[in-house]
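Engineer: Any chance you can model this:
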Amino acid sequence: MNNLKERRYVGRLIISVLTGQKNVREAIKLFPDIRDTNIECAYHALVHYAADEEMRAKDIEYREVQDDYLEFIAQTLDCGKELPQNVIDAYKPYYNGIAGVWENSLSGFKKEFLRFINIK
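Structural biologist: Numbering: from 1, shown residues only. Here you go, the predicted model:
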């Protein structure tokens, strides 16, 4: 299955987050709901990015490494390429697809975050 268009779209969504054009929540709402492990990996990397907000604020080096990692994912997908297998494997425990639109509340974010870290 070729998901070139969707991969490029997701790559651009992530770049829009990294450049401050969109916040993470806006970008996550716009993710296509398709079965592509590359897109699912990018989704979980972006949710992880949001969950690390406090750590990113305290540790500049961590923030830079995480930004570079997301930029790599974004650029790879924007070229329509597949992510390296080790990157995909790092997020495999979280692959339950892409969540639907969050409820517009803190409880909606909490529910999605708990789903992300695989707590039921």
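Engineer: how about the helices in this structure?
Structural biologist: 4-18, 24-29, 37-51, 53-58, 60-78, 85-90, 106-116 (DSSP state H).
Engineer: Please render those as a markdown table that adds mean pLDDT to the earlier fields.
Structural biologist: As requested, the helices of the chain are exported to a markdown table (pLDDT from 0 to 100):
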| stretch | mean pLDDT |
| --- | --- |
| helix 4-18 | 95 |
| helix 24-29 | 91 |
| helix 37-51 | 91 |
| helix 53-58 | 90 |
| helix 60-78 | 95 |
| helix 85-90 | 90 |
| helix 106-116 | 60 |
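Engineer: how much space is there between residue 42 and residue 71?
Structural biologist: 12 Å (C-beta to C-beta, to the nearest Å). The way it works is simple: take the backbone N, C-alpha and C, and place the C-beta from them, glycine included.
Engineer: So for those two, which sits in the more crowded spot?
Structural biologist: Using other C-beta atoms under 10 Å, the more surrounded residue of residue 42 and residue 71 is residue 42, with 28 against 15.
Engineer: I figured the more buried one was touching residue 78, is that so?
Structural biologist: No. In terms of C-beta atoms under 8 Å, residue 42 does not count as a neighbour of residue 78; the distance is 10.6 Å.
Engineer: Identify the contacts common to those two.
Structural biologist: Here residue 42 and residue 78 share the contacting residues residue 11, scored by C-beta atoms under 8 Å, 6 or more residues apart in numbering.
Engineer: Ranking the helices of the chain by mean neighbour count, which comes first?
Structural biologist: Greatest average neighbour count among the helices of the chain goes to helix 37-51 (a mean of 21), per mean count of other C-beta atoms under 10 Å.
Engineer: List every C-alpha atom in it, with coordinates, as PDB.
Structural biologist: Only the C-alpha atoms of helix 37-51 are listed here, as PDB (Å, rounded to 0.1, in the frame of the first residue of the first chain):
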ATOM      1  CA  THR A  37       3.200   2.100  10.600                       C
ATOM      2  CA  ASN A  38       5.200   5.200   9.500                       C
ATOM      3  CA  ILE A  39       2.300   7.500  10.100                       C
ATOM      4  CA  GLU A  40       1.400   5.700  13.400                       C
ATOM      5  CA  CYS A  41       5.000   6.100  14.500                       C
ATOM      6  CA  ALA A  42       5.000   9.800  13.700                       C
ATOM      7  CA  TYR A  43       1.700  10.200  15.600                       C
ATOM      8  CA  HIS A  44       3.200   8.500  18.700                       C
ATOM      9  CA  ALA A  45       6.400  10.500  18.500                       C
ATOM     10  CA  LEU A  46       4.400  13.700  18.400                       C
ATOM     11  CA  VAL A  47       2.200  12.700  21.400                       C
ATOM     12  CA  HIS A  48       5.400  11.800  23.200                       C
ATOM     13  CA  TYR A  49       6.800  15.200  22.300                       C
ATOM     14  CA  ALA A  50       3.700  16.800  23.900                       C
ATOM     15  CA  ALA A  51       3.900  14.600  27.000                       C
END
